[in-house]
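> Return a 3D structure for these sequence lines:
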Amino acid sequence: MKKNIAIIMGGYSSEYKISLKSGNVVYNYLDKEKFNLYRIHIFKDKWVHVDDNEKETPIDRNNFSIPLNGTSVTFDCIFNAIHGSPGEDGLMQAYFELLGLKHTSCDFYQAALTFNKRDLLSVLKPYGIKAAPSYYLNLGDDINENEIIEKVKLPCFVKANKSGSSYGITKVYEAKDLKSAIETAYKEDDEIIIEGFLEGTEVSVGVLKLKGETTVFPITEIVSENDFFDYEAKYEGKSQEITPARINDTQLKNVTQASKKIYDVLKMTGFSRSEFIFIGDVPYLLEMNTTPGLTTESILPQQAKEAGIDLGMLFEHAITEALS
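Alright, predicted model coming up:
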């Protein structure tokens with residue numbers, strides 16, 4: 001008997017358009033001979049099932065079901081394709097856990113932790129995971145520019161603490177530009193992380209549990225045409241994404257070990273994609289995404305292709321793992 005799979009997409013953040021693209025790719029590539037697929041749009045003002053004619057039916061949030069044709073459709077598994085809140089910050093995961101529903105992403109604690117860049121780096125530091133020097137601000141804090149620059153040096157990156165797709169990020173070269181960069185970051189989040197600039201090769205590492213084993217995909221090197229790997233570089237073709245990355249054997253070994261260690265220490269499940277920069281042969285962690293982009297151009301699908309796994313199989317693996 002075919003399993004009922006809900007593919008949730010959209011979300012409450014600036015990333016909702018990317019999420020809709022990811023969710024529709026999942027819908028189009030999963031095998032409809034094996035699964036009954038339902039597209040679910042999650043927005044602040046509505047949770048709805050969207051059929052192939054774009055007709056919307058509200059979701060019953062009491063048990064996450066759809067009233068269709070006089071019956072109530074329930075789900076064997078939820079495929080999470082929401083980038084940002086509420087799909088990547090633990091809210092949906094906690095809701096599904098309360099309902100006893102299987103889903104393809106990590107658990108709610110891991111989602112909340114990894115979505116918070118500051119907390120993630122703090123938790124991983126005792127395990128030997130390196131990161132750039134950083135300075136934290138919350139909305140309303142006094143801004144001591146001299147103290148910030150003394151801690152992280154220039155140039156530096158000013159980032160929204162809980163945001164993806166490079167929204168709210170500015171690279172700052174001069175002290176006079178620091179305040180406007182902070183204001184830009186506050187438009188995305190009320191918490192900020194300011195990090196020192198690391199000069200080196202940037203790589204992206206996809207990790208997934210396959211048949212119960214922590215598996216690292218072929219690694220992607222990021223070469224941005226812009227000043228850094230910003231939104232334009234990620235989604236509008238202003239970068240080269242080279243898989244496998246042009247790194248030496250020591251770098252490959254070190255970043256593979258670090259990625260596995262992070263995934264296992266955090267007791268992760270589902271997809272993850274982490275960004276690192278090499279200083280010499282040592283990988284420095286930038287961030288970790290637990291609902292990475294799944295469009296045909298996205299990095300994780302590129303890595304799966306290099307590993308000989310097509311998109312349909314990649315998505316099916318995630319469902320199989322969740323159901324097991």
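
> what about the helices in the stretch 101-250 of the chain?
In the stretch 101-250 of the chain, the segments counted as helices under DSSP state H, counting those that start in this stretch are 108-115, 117-124, 145-152, 178-186, 231-235, 249-265.

> Give me whichever of these is most buried.
Of the helices of the stretch 101-250 of the chain, the one with the most neighbours on average (mean count of other Cβ atoms under 10 Å) is helix 108-115, at a mean of 21. Glycine gets a C-beta too; all of them are placed from N, C-alpha and C.

> now it against helix 249-265, angle please.
Per axes from the mean of the first three to the mean of the last three Cα atoms, to 10 degrees, the angle that helix 108-115 makes with helix 249-265 is 140 degrees.

> Report whether the expected contact of residue 49 with residue 60 is present.
No - applying Cβ atoms under 8 Å as the test, residue 49 and residue 60 come out as separate, 10.3 Å apart.

> okay, and the common contacts of the two?
Here residue 49 and residue 60 have residue 66 as joint contacts, going by Cβ atoms under 8 Å, 6 or more residues apart in numbering.

> In terms of neighbours, single out the busier of those two.
Comparing residue 49 with residue 60 by other Cβ atoms under 10 Å, the one with more neighbours is residue 49, at 19 against 14.

> Residue 274 pairs with what?
residue 205, residue 288 (DSSP bridges).

> residues contacting it?
By Cβ under 8 Å, 6+ apart, the contact list for residue 274 reads 204-205, 207, 259, 262, 285-289.

> Distance check, residue 263 against residue 129.
Distance, residue 263 to residue 129, by Cβ to Cβ, to the nearest Å: 11 Å.

> And for residue 301?
Distance of residue 301 to residue 129, given as Cβ to Cβ: 26 Å.

> do residue 16 as well
Counting by Cβ to Cβ, the gap from residue 16 to residue 129 is 30 Å.

> Residue 111 too?
Separation of residue 111 from residue 129 (Cβ to Cβ) stands at 19 Å.

> Tell me which two in the contacts of residue 274 are the farthest apart.
Greatest spatial distance among these (Cβ to Cβ): 207 and 286, at 15.1 Å.

> Please say which of the two ends up with more neighbours.
The residue with more neighbours, out of residue 207 and residue 286, is residue 207; 24 against 21, by other Cβ under 10 Å.

> is it true that that one touches residue 257?
No - look at residue 207 against residue 257 with Cβ under 8 Å: they stay out of range, at 11.8 Å.
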